[in-house]
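Q: Provided below are the primary sequence and the corresponding predicted coordinates.
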Amino acid sequence: MAPQELLKTKFGYDSFRPGQQTVIDDILAHKNVLTIMPTGGGKSLCYQIPALLMNGLTLVVSPLIALMKDQVDALNENGIPATFVNSSLTFDEIGDRFDRARNGDVKLLYVSPERLDSGAFSQLAALPIDLVAVDEAHCISQWGHDFRPSYLALAQRLNQLPTKPTIVALTATATPRVADDIKERLGIHEEVNTGFQRDNLAFKVIKDQNSDQYLLDYLKLNEGQSGIVYASTRKEVERLTKLFHKHQFSVTMYHGGLSREERRKNQDDFLYDRAFVMVATNAFGMGIDKSNVRFVIHDSVPGSLEAYYQEAGRAGRDGLPSEAILLYKIGDVQTQHFFIEQSDRDEASKQREYKKLQVMSQYANTEQCLQQFILNYFGEDGPKCGRCSNCLDTRESQDVTVDTQKVLSCVYRMHERFGKNLVAQVLAGSQGQKIKNFHFDDLSTYGIMKGQSQKKIVELIDYLTAAGYLITDGGQFPILKVAPLGVAVLQGTQQVFRKSAIQATKSLPVNDELFEQLRQLRRQLAEDQGVPPFVIF
Ligand code: ADP
Ligand code: MG
Ligand code: ZN
């Protein structure tokens, strides 16, 4: 039977979604292939159809033990012989299932990655495996946002399978770096990437608001709609659930501290629309296939843009317009920083986490189209979406070139050794103890933005970082440096615009002597290199 026919007879669909046909053809031609499709794009079919067309068995490796049963039940309902093996089964049951797989009575066998790395490997190796599908394949890369050590051993184990099966790896979130990593580790040369764009999602960043009030208003306005509210801790999940109950909203909750039965029950309540809103930690959602989720709201900043996109992407799987909202508070980023610092990870992975968190902060502070920002991060280009909160922000852009030059001058003059809080204090002319205790060799920018609150200056710095005028080194206390684009601003060849402009500050003449020296120096440099002189405060 042709793949197209199977699609109709077994799954009841008329046509393939983008990318599915190509992946299936690759697999049937025994080419290993990496499949990158957005959440809800239809990755499962890419290996389920070949599984039916190949002689032997398809092994599906998935970290989602809790969902294996559901997935297998769904296949069985379509008349597809599939089963799973995991720790919820007795020894005898497992033995029985392996027997059926060996005899060809099932076409798909779902296992967790751990199972390949255990004593059970010899049992697996005896099976007639033609195809291995590695789901959530980003878990194999340390550069991914959900690295799992059990996936590392996987690559070796797959190599040891005597049947030399074809491998298909599938994920919804992979930067080019993660994609390369997956391909290298699993020996894959083909890639089918349908892009990350989700045309029905409207991204929003809401800043500086009382988030409880925002949530209550939003739920009221969207009553009867299905949605997810993500909070960062179990305690917050409990608190918000209570708050929503108090206001008579139909909600349920999910986090790792609940019993298995409670989680199961609450998840089902949400899936079957007995409760409209799910309040959860990030423990909830992977592999959940609920089509009518109209909104996903993050009450605090997640640790990475990959995680954010994956979680937000649970909205609108049915293709109808849906919202992905981030409630951004600067303090949340600091809390996340603290979590990373306190974790017992090694230094290198902490550094990676800090970097990822910074991307999140850039996302929250950019004035670029949010969808474009996300696509760019994943190595793609795309037009402005016209739907996100930045595209819809009708405020006029204001020229903040002079304020920017002040910030950049301060960073530059302090030899690019300090973070945003200290830079803001210097610019605001803070009398704080911290400033007095530091020994700066050049304080000529001290107080040149006097009259501005430190908070506003920090916001400007965040914006300049998001927009690429400043870069940070990504450590625990990120140090600001002037980016090439910022140098152009100092050279006066690049103007800076911002919608939420801070009030223009009067420039104060400071430290004339040094200023003059620098000007001379810059002029010299400019003559030598043919660039206009620096504007420097
Ligand atoms: P992913 O794993 O990529 O997030 P799934 O494989 O769970 O997505 O598929 C999401 C939904 O899309 C499922 O309900 C699936 O049945 C449906 N689907 C997959 N392929 C097609 C298709 N060609 N036509 C219509 N619906 C499809
Ligand atoms: Mg999937
Ligand atoms: Zn947009």
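A: Right, received. Where do you want to start? Numbering: from 1, shown residues only. Ligands and ions are numbered 1, 2, ... in the order given.

Q: How much space separates the residue of the stretch 201-350 of the chain found nearest ligand 3 from Ser430?
A: Nearest residue of the stretch 201-350 of the chain to ligand 3: Phe203, at 7.0 Å (CB to the ion). Bear in mind the C-beta positions are built from the backbone N, C-alpha and C, glycine included. Remark: distance between Phe203 and Ser430 (CB to CB, to the nearest Å) = 35 Å.

Q: what does Val192 give?
A: The gap separating Val192 from Ser430 is 54 Å, by CB to CB.

Q: Looking at the two, which has the bigger crowd around it?
A: Per other CB atoms under 10 Å, whichever of Val192 and Ser430 has more neighbours is Val192, with 21 against 18.

Q: Give me the pLDDT for Thr175.
A: Note for Thr175: predicted pLDDT of 86.

Q: close enough to count as contact, it and His145?
A: No. The pair Thr175 / His145 is not scored as a contact, 9.5 Å apart, by CB atoms under 8 Å.

Q: ok, these two, which is more surrounded?
A: Neighbour tally, Thr175 and His145, criterion other CB under 10 Å: the higher count belongs to His145, 22 against 18.

Q: hang on, the earlier thing: partner residues bridging the residue of the stretch 201-350 of the chain closest to ligand 3?
A: When bridges are called by DSSP bridges, Phe203 pairs up with Ala324.

Q: Retrieve the pLDDT associated with it.
A: Note on Phe203: pLDDT of 97.

Q: repeat for Ala504
A: Predicted confidence (pLDDT) at Ala504: the value is 44.

Q: mind saving the C-alpha coords of stretch 122-135 as CSV?
A: Written as CSV, here are the backbone C-alpha positions of stretch 122-135 (Å, rounded to 0.1, in the frame of the first residue of the first chain):
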residue,chain,number,x,y,z
SER,A,122,20.0,-7.7,24.9
GLN,A,123,16.3,-8.4,24.7
LEU,A,124,15.9,-5.3,22.4
ALA,A,125,18.8,-6.3,20.3
ALA,A,126,17.2,-9.6,19.6
LEU,A,127,14.2,-7.9,18.0
PRO,A,128,13.8,-7.4,14.2
ILE,A,129,14.1,-3.6,14.4
ASP,A,130,14.0,-1.9,11.0
LEU,A,131,13.4,1.6,12.1
VAL,A,132,14.2,3.6,15.2
ALA,A,133,12.2,6.8,15.9
VAL,A,134,13.9,9.1,18.4
ASP,A,135,11.2,11.5,19.6
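
Q: Find the closest residue to ligand 1 in the stretch 201-350 of the chain.
A: With CB to the nearest ligand atom as the measure, Asp289 is the residue of the stretch 201-350 of the chain nearest to ligand 1, at 4.7 Å.

Q: again but with the stretch 401-537 of the chain, I slipped
A: Nearest residue of the stretch 401-537 of the chain to ligand 1: Ala466, at 29.3 Å (CB to the nearest ligand atom).

Q: need the residues of the stretch 201-350 of the chain near ligand 1, please.
A: Asp289 (CB under 6 Å from any ligand atom).

Q: what's the burial count for the closest residue to Cys369 other than its chain neighbours?
A: The shortest distance from Cys369 to any non-neighbouring residue, by CB to CB, 6 or more residues apart in numbering, is to Lys384 (4.2 Å). Under the neighbour criterion other CB under 10 Å, Lys384 is assigned a count of 13.

Q: Would you check that Lys384 makes contact with Gln372?
A: Yes. Counting by CB under 8 Å, Lys384 does reach Gln372; the two are 6.0 Å apart.

Q: Common neighbours of the two, please.
A: Taking CB atoms under 8 Å, 6 or more residues apart in numbering as the contact criterion, Lys384 and Gln372 have no common neighbours.

Q: What segments of the stretch 101-250 of the chain are strands?
A: Assigned by DSSP state E, counting those that start in this stretch, the strands in the stretch 101-250 of the chain fall at 108-111, 129-134, 166-171, 190-193, 201-207, 226-230.

Q: Is it possible to get a markdown table of those strands that adds distance to Val423?
A: Putting the strands of the stretch 101-250 of the chain into a markdown table (distance: least, CB to CB, whole Å) gives the following:
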| stretch | distance to Val423 |
| --- | --- |
| strand 108-111 | 52 |
| strand 129-134 | 45 |
| strand 166-171 | 39 |
| strand 190-193 | 40 |
| strand 201-207 | 21 |
| strand 226-230 | 32 |
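
Q: Low-confidence bits of this protein, can you list those?
A: For the chain, the stretches with pLDDT under 70 are 433, 436-442, 474-475, 501-536.

Q: Near ligand 3, which residues of it? Just list them.
A: 369, 371, 385, 388, 391 (CB under 5 Å from the ion).

Q: Counting neighbours, which of these comes out on top?
A: Busiest of the residues of the chain next to ligand 3 [other CB under 10 Å] is Gln371, holding 25 neighbours.

Q: Verify the stated contact: it with Gly386.
A: No. Gln371 is beyond contact range of Gly386, at 9.1 Å (criterion: CB under 8 Å).

Q: Give the burial count for Gln20, as a bare number.
A: 24.

Q: Now do the contacts for the spatially most central residue of the chain.
A: Nearest to the mean C-alpha position of the chain, by CA atoms, centre = their mean, lies Glu306 at 1.8 Å. Listed by CB under 8 Å, 6+ apart, the contact partners of Glu306 are 138, 144-146, 173, 175, 356.
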